[in-house]
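Asker: here is a sequence together with a model predicted from it:
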Amino acid sequence: MRGKIAAALASLLLLATAASPALALDLRQLIREVEEQYMGVSSKARMTMQVRTEHWERTLEMEAWSLGRDYFLTRILAPPKERGVATLKVDQEVWNYLPKVDRVIKIPPSMLGGAWMGSHITNDDLVKANQIDRDYDFTLLEETDELWHIEGIPKPDAAVIWGRIEYTVEKERRVPLVISYFDEEGLKVRDIVFDEVRAVDGRTIPMRMTVQPSDEPAERTVMHYTTIDFDIGIEESFFSLRNLKKR
Amino acid sequence: MLLRLALRNIWRNRRRSLLTISAMVVSASLLILALGVFSGMFRDMLSSATEQYHGHLVISAAGYQEDREMYDHFAPAGDLLRRLSAQPEITGVSPRMRAFGLVSHGDNTDPAELLGVRPRGEESVTTLARQVVSGDFLAPEPGNGAVIGRGLADKLGVSPGDELVFVTQAADGSIGNDLLTVRGVFATGDSGHDNSLVMVGLPWLQKVMALPGQVHELAVAVAEPMEAPRIAEQIKPLLPKGMEILDWGQLLPEMREAIAGYDVSRMIITIILYFAAGLGILNTFFMSVMERTREFGILMAIGMRPMRIRILVLLETLAMGLVSLVLGVGLGLALSLYMQKVGIDLSGTLTPVTYAGGTILPRLHAVIEWSNLAVPAAMLLVVCLLAGFLPANRAAKLKPVEALREE
C-alpha cells in the first residue's frame, strides 16, 4: 500500500516536472554546448586516433582546425604512408585530399555514411553532428545530484540518421560522460564515452573520446586530444581546397 | 492388310486428310519455332548472367559470395589452377580480386565495385572483353588500365584516356588510393554492372588493397553450362579446406528458377496448342468414322472383329500423325535454323530487359535444343492417338445389323 502511494506521488511529481513550461535548464543550449565542446569560436588541436578492428589496429596522429560549426580541416601527420591525407568540411560538404596521387575527391552525399579514415567515425558525424541541436527535440529523462539524462528525438521533418540519442551529462562541469546512439528500430548502434576531463583555455572538456560500436564489442576508435587551443583567430579563407592540399 | 486398308482410307478423302495433316504440320512446326525462340531468349539470359560476370562456376572461401567480405581472401595454389585447367570440361579459369570504394574524376565521385583480373584468364570466362563499346579491353599487362561500365563512365564524365582516382580502405586499415587510366568502356545491358563495375589489373588492385598474391574467387567457365552442377561435384574434392564451389544456379537462384519455370511453361504452351489442334483432329476422325458407318457394318458382317476395326481406325490416325510429324518437325527445324542463322533484330524498338540477374536482348533468335523437337513430336503422336481413340472405339462398338441399316 505504501509502495503504491509512493509510486503515485512519484509519477505525479514526474508529470509536474515534465509539464512545467519554465524549465530552469535549457536542454537545447546544453546539447549545443556538448556538441561544440571541441570547437569553440575557433580551435586548433593535435590528437591521436587509435582504431582497433577485428583485422588490424593502427594509430594515426593528426592535427585539426575548426571555425564555428561549419568549418573543419584535419590532416594526418603519421604514419608516413598516410602523411598529408586531409579532410575538409565546409557546411554540408566533405572533401578528402590524397597526397599519394595529389588529387582531391569530394565525398558524394550517398557515401557520407562511410567510415572516416577507416575509423568508427563516419563522414556523417562530421557533417551532421553540428546540426543535432537543430534537428532533434530534447527531454530530460532523469536528473540525479550529479547527472542529467537527456533524450533527443528527431523532429518529424528532419533528415537525420539516428532514431534516438541519449546523453549522460555531468552537471557540475557540464561535460558529457556517455552519448548513446540508437537506430530507427530503437537498437543501440554505438556509445561514445568521454573521459580525462581537463580545463583548457577556460573550458572544461574531456580529452579522450571512445567510440564503441554495439555490434562489434572488440572494435573501437579512441580519439585522444594531446593539445587543444581555442579562439586562435583563423578566418574562413583558411578552410580552402588550396589549404587542404598543403602538406 | 490392315495398314493398306488404312492408307487407302486416308487417300480416299484426300482433301480432308490434307487439311488435317496441314493443321498438325502447322501447329507442330510453329510450336517448334516458338520453343526455339523461347530457348534462345533463355540462353541469352543465362549467358548474360553467367558469361558477363560470374562465370559458370565460382570457387571462393566458404561464405564469401554471401557478404563479399574483403578478408575472405586466399592465395590460389598453382597446383589447384593446374588441376582445374586439366579438367576436360573446363574451358577457362579467371582468378579475381574484388574491392569496393570510390572512383572519382574531376568533381564527380561515385561508389564502384572494382574487379581485379588477369585479362587473358578473364577473356576465357566472361564476354566482357567483347562488350567494349569504346576504347579497348585491358591490355595483357594491364598496368593501371581500367575498363569501366558505360553508366558509371557517363556519371563520372570519363572516356578512354581519362584518369580516375580510386580510394578505399585497404586490408591493413590504411587508405588505399591510386590513379587509373580509362582504357575502355563496356556496355552489357545489365544496368547493375554498367553503373558500378570497373575492371582493373589484378596486380594493381592487390597492391592498392595491400593483399599481395591474394584473390577472392576463381571464376570458371565450362563447355556446357547446364552441366555445371555435375562438374562442381567433380571439382569439390580438389579444393582445400574452407573453400567452396558454387554453380551458377546457386549464385543466381532466380535464374535457376526461371529456367525450371521454362520447362513448365514449355509444357503448358505445348498442351494449349495441341489441345486446340487435337480437337480439330478428333472432329475430322469422328466425321470420317460416322460417314463410314455402313462400311464398318459390312466389314463386321463379313467377319471382321471389333478389335481389328479399332486398330484400323487407330492406324489411320497414326499414319496421318507420322506424316505430320515428319513434315512438322522438318518445317519447324527449317524455321528454327533460319531464326538461328538470321533472327530478327528488335533493338530499334526495344531496350534490353534485365530479369532474374540475366539480360534479355532485344532480338528474336532461336536456339535448337533436342528437347524442343522431341517434346512437340512426342506430344503430336499422343494427341493423334487420343483423338483417334474415341472414333475407333465408336466404330468398334457398332452393331453390324444397325450399322448396315444406317443411311
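Answerer: Received the coordinates, thanks. Numbering: from 1, shown residues only, chains lettered A, B, ... in the order given.
Asker: can you list the residues of chain A near chain B?
Answerer: Counting by CB under 8 Å from any CB of the partner chain, chain A comes close to chain B at A:51, A:53-58, A:81-82, A:85, A:96, A:98, A:100-101, A:103, A:105-108, A:110-111, A:115, A:117-118. Just so you know, the C-beta spots here come from the backbone N, C-alpha and C atoms, and that holds for glycine as well.
Asker: try it again at 10 Å.
Answerer: Contact residues (CB under 10 Å from any CB of the partner chain) of chain A with chain B: A:51-58, A:60, A:76, A:79, A:81-82, A:85, A:95-96, A:98-108, A:110-111, A:114-115, A:117-119.
Asker: looking at these, which are in strands?
Answerer: Filtering the residues of chain A next to chain B for membership in strands, criterion DSSP state E, returns A:51-52, A:57-58, A:60, A:76, A:95-96, A:98, A:103-106.
Asker: if any of the residues you listed are buried, put those into a PyMOL selection.
Answerer: Applied in PyMOL, the following selects the buried portion of those according to 16 or more other CB atoms under 10 Å in any protein chain shown:
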select buried, chain A and resi 51+52+58+60+76+95+96+98+103+104+105+106
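Asker: can you lay out the ones in strands among the residues of chain A next to chain B as a markdown table showing distance to B:Leu115 and pLDDT?
Answerer: Converted to a markdown table, these look like this (distance: CB to CB, whole Å; pLDDT from 0 to 100):
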| residue | distance to B:Leu115 | pLDDT |
| --- | --- | --- |
| A:Val51 | 28 | 92 |
| A:Arg52 | 30 | 92 |
| A:Glu57 | 29 | 91 |
| A:Arg58 | 27 | 92 |
| A:Leu60 | 30 | 92 |
| A:Ile76 | 29 | 93 |
| A:Trp95 | 27 | 91 |
| A:Asn96 | 24 | 90 |
| A:Leu98 | 22 | 92 |
| A:Arg103 | 22 | 91 |
| A:Val104 | 26 | 92 |
| A:Ile105 | 21 | 90 |
| A:Lys106 | 24 | 89 |
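Asker: okay, helices next: where are they in chain A?
Answerer: Applying DSSP state H to chain A gives helices spanning A:2-19, A:27-35, A:123-128, A:132-135, A:241-244.
Asker: any stretches of the chain with poor pLDDT?
Answerer: If you meant another chain, say so; for now it's chain A. Applying pLDDT under 70 to chain A flags the ranges A:1-24, A:128-130, A:247.
Asker: um, chain B though
Answerer: Scanning chain B with the threshold set as pLDDT under 70 gives B:353-359, B:406-407.
Asker: need the phi and psi values for B:Gln131.
Answerer: The phi/psi pair for B:Gln131 (degrees, to the nearest 10) reads phi -110, psi 20.
Asker: relative to B:Leu18, how far out is it?
Answerer: Noted for B:Gln131: a distance of 50 Å to B:Leu18, by CB to CB, to the nearest Å.
Asker: could you export stretch B:144-157 as CSV, CA atoms only?
Answerer: Extracted C-alpha coordinates of stretch B:144-157, given in CSV (Å, rounded to 0.1, in the frame of the first residue of the first chain):
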residue,chain,number,x,y,z
ASN,B,144,46.9,0.8,-64.2
GLY,B,145,44.4,0.4,-67.0
ALA,B,146,40.7,0.2,-66.3
VAL,B,147,37.6,-0.8,-68.3
ILE,B,148,34.6,0.9,-66.9
GLY,B,149,30.8,0.4,-67.3
ARG,B,150,29.0,2.8,-69.6
GLY,B,151,26.6,4.1,-66.9
LEU,B,152,29.4,4.8,-64.5
ALA,B,153,31.5,6.4,-67.2
ASP,B,154,28.6,8.7,-68.0
LYS,B,155,28.1,9.6,-64.4
LEU,B,156,31.7,10.4,-63.9
GLY,B,157,32.1,12.0,-67.3
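Asker: ok now it, how far from the chain's centre?
Answerer: Mean C-alpha position of stretch B:144-157 versus that of the full chain (CA atoms, centre = their mean, to the nearest Å) differs by 30 Å.
Asker: nearest spatial neighbour of B:Ile32, skipping sequence neighbours?
Answerer: Sequence neighbours aside, B:Gly332 is the residue nearest to B:Ile32 in space, at 2.8 Å (criterion: CB to CB, 6 or more residues apart in numbering or on different chains).
Asker: quick one, longest strand in the chain?
Answerer: Since you didn't name a chain, this refers to chain A. In chain A, with assignment by DSSP E, the single longest strand is strand A:188-200.
Asker: if you could check chain B rather than the one you did, that'd help
Answerer: Using DSSP E, we find that the single longest strand of chain B is strand B:90-105.
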